[in-house]
Structure formats: C-alpha cells, structure tokens
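Chemist: Quick one, fold the following:
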Amino acid sequence: MGYSVGQVAGFAGVTVRTLHHYDEIGLLAPGGRTHAGHRRYTDADLDRLQRILFYRELGFPLDEVAVLLDDPDADPRAQLRRQHALLTARIEKLRRMAEAVEHAMEARRMGIDLTPEERFEVFGDEDPEQYAEEAEARWGGTAQWAESQRRAAAYGKEDWKRLRAEADDWSERYTRLVAAGEPATGEAARAMAEEHRQHIGRWFYECPYTMHRCLAEMYVADERFKAYYDAMHPGLAEHLHAAILANADRGAS
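Modeler: Coordinates of the predicted model:
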C-alpha cells in the first residue's frame, strides 16, 4: 500500500508542497499511485528522501543532490569534502558575526553608541569594552559607575575622539617622564598624576583623592592593568602608583 504524501511529510518533517516539488523536478518520484492517482511512497522512497534531506541539511542545492544520488560517476566523498570546507568557512563567518553582535551589545551597555567605522576611527584595534563585564560586576552598584554610564551615553564620535586624544597625549608625556628618570614623588610626576585624576573627573565620574588611591592600587595589583601601563615603559605602573599616592597625600593635606 505504501505511504501517503501526508504521512511522509509527517515522518520527514517537511511540507506536502516540498514533496510535490521534489516529484515535479524528478528528484523524488513516488514508487506508486493509487487508482485515484494519489502518490504512494515506498520504503525505498523514504530511504532516498532521507539522503536528500541529509544533503540539503549540508547546504547542497537540489541539482547537486540529484547528481549525487543518480550520477554513477559522481564522487560523494569529494563533494562532501568540498561542502565541509564551505561549511567551515560559513561557521567562521557566523562566529565573527556573533562576536561583532556581542561587542555591539557591550558597547550599548557601556553607552558607546558608535558605528563600526566610527569605533575603528576612534579606538583603532583596541577594544573599549574588553573589561566591561568585569567592571560592571565590580562597580556596577556604585554612584561612580552610574555617572560614567550616564556621561558615556551622551558622547558622540567627536567626544570620544577628544577623550582618546587627551588620554594618548597624557600617556606619551608620562612615558617620556618615566624614561627621563623623573622621580615618582617629584613635582612633575605629581602634576601628571593630578592630570590623570582630573581626566577621569572630566570624562567619567568625580574622582576624589580617596578614589584615585583605590585606582592606583588596582593598577599594580591587577596584572592586566599593570601590563597595560608597563607596556608603555617598563616599571611605569609602579611609578604611576607612587605618583598618584604622592599627589593624593599633597591634595589631602
């Protein structure tokens, strides 16, 4: 008796219309018909349908599926190798797309509302959200975090460019200061530590001396911050730590 088109559609998870289309293009012709002309599918038809759906799941177009199933000279292994390469490339593309979406979500959460082109123009290959999740976990309930989020949400591309230029200028000058052997407790280093504190207050949140001390401790205790500053010049993290403490002592007196 075989199986009706509705039964086969239910077995295979496809639509009746799909089975009709496969029949019309000669990809899957039912093995029999009823006296009324209705399609009846055999076990062999179901086996062929299973192979069709396997190749379709891998992304093969219908014409190539037909060749794989019907051409005696076709090499299924070569076709599968080719499709494996295509799928691998597709997976990598999707991975990059998912990563881009995650970065966009982090940027929205941090208030960095820039297009990809603007983000590249401002930050280059650096990732401004690299520690966003950790920062939120550490300071998310504080007034400083709320204030930095509020301010960042209002910044446009030109604001971020000015912020970045100001930070880069400070970094270059502080690197030269350390390279020149200026003591961390000297006037020049303390003045630059004060610039650092005011930069935070101007762009992110009010940073009293007590808060600046906490940041200084983090710059040497957290290996990533230490590595960031030491990449500018060996020993710069410790030097900045000492300069911030010296400036805080002077400011608090």
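
Chemist: Could you find the closest non-adjacent residue to Gln83?
Modeler: Spatial nearest neighbour of Gln83, excluding adjacent residues (Cβ to Cβ, 6 or more residues apart in numbering): Leu58 at 5.1 Å. Heads up, the C-betas are built off the backbone N, CA and C, glycines and all.

Chemist: oh, I was asking about Arg151
Modeler: Residue nearest to Arg151 in three dimensions, not counting chain neighbours: Phe204, with 6.3 Å by Cβ to Cβ, 6+ apart.

Chemist: What is the burial count for that neighbour?
Modeler: 16 (other Cβ atoms under 10 Å).

Chemist: With Asp45 as the reference, measure out to the residue nearest to Gln83.
Modeler: To Asp45, Leu58 is 21 Å away according to Cβ to Cβ, to the nearest Å.

Chemist: ok, the two, which is more surrounded?
Modeler: Neighbours per residue, other Cβ under 10 Å: of Leu58 and Asp45, the larger number sits with Asp45, 21 against 14.

Chemist: Tell me which stretches of the stretch 101-250 of the chain form helices.
Modeler: Remark: helices assigned in the stretch 101-250 of the chain by DSSP state H, counting those that start in this stretch are 116-123, 132-139, 143-154, 157-179, 187-203, 209-221, 223-230, 236-252.

Chemist: elements contacting the fourth one?
Modeler: The one in question is helix 157-179. Helices and strands touching helix 157-179, by 3 or more Cβ pairs under 8 Å, 6 or more residues apart in numbering; DSSP states H and E, are helix 116-123, helix 187-203, helix 236-252.

Chemist: got the contact list for the second one?
Modeler: Think helix 187-203. Helix 187-203 is contacted by residues 151, 163, 166-167, 170, 173-174, 177, 182-183, 207, 209, 212, 215, 239-240, 242-244, 246-247, 250-251 when judged by Cβ atoms under 8 Å, 6 or more residues apart in numbering.

Chemist: Mind giving me the PyMOL command for buried ones among these?
Modeler: In PyMOL, this line selects whichever of the contacts of helix 187-203 come out buried by 16 or more other Cβ atoms under 10 Å:
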select buried, resi 163+174+177+182+207+209+212+215+239+240+242+243+244+246+247
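
Chemist: which residues does the residue nearest to Gln83 contact?
Modeler: Taking Cβ under 8 Å, 6+ apart, one finds 80, 83, 87 in contact with Leu58.

Chemist: I'd like to know which of these are buried.
Modeler: By 16+ other Cβ under 10 Å, these give no buried members at all.

Chemist: circling back: which stretch among the helices and strands packed on helix 157-179 comes nearest Arg33?
Modeler: Arg33 sits nearest to helix 116-123 of all these, at 57.2 Å, using Cβ to Cβ.

Chemist: Pick the most buried one from the helices and strands packed on helix 157-179.
Modeler: Scoring those by mean neighbour count under mean count of other Cβ atoms under 10 Å gives helix 236-252 as the most buried, with a mean of 20.

Chemist: between it and helix 187-203, how big is the angle?
Modeler: 80 degrees (axes from the mean of the first three to the mean of the last three Cα atoms, to 10 degrees).

Chemist: helices or strands next to helix 236-252 in the packing?
Modeler: helix 157-179, helix 187-203, helix 209-221, helix 223-230.

Chemist: Relative to Arg173, how far out is Glu238?
Modeler: 18 Å.

Chemist: Same question for Arg213.
Modeler: Remark: distance between Arg213 and Arg173 (Cβ to Cβ) = 22 Å.

Chemist: now do Ala191
Modeler: 10 Å.

Chemist: do the same with Ala85
Modeler: In terms of Cβ to Cβ, Ala85 sits 51 Å off from Arg173.
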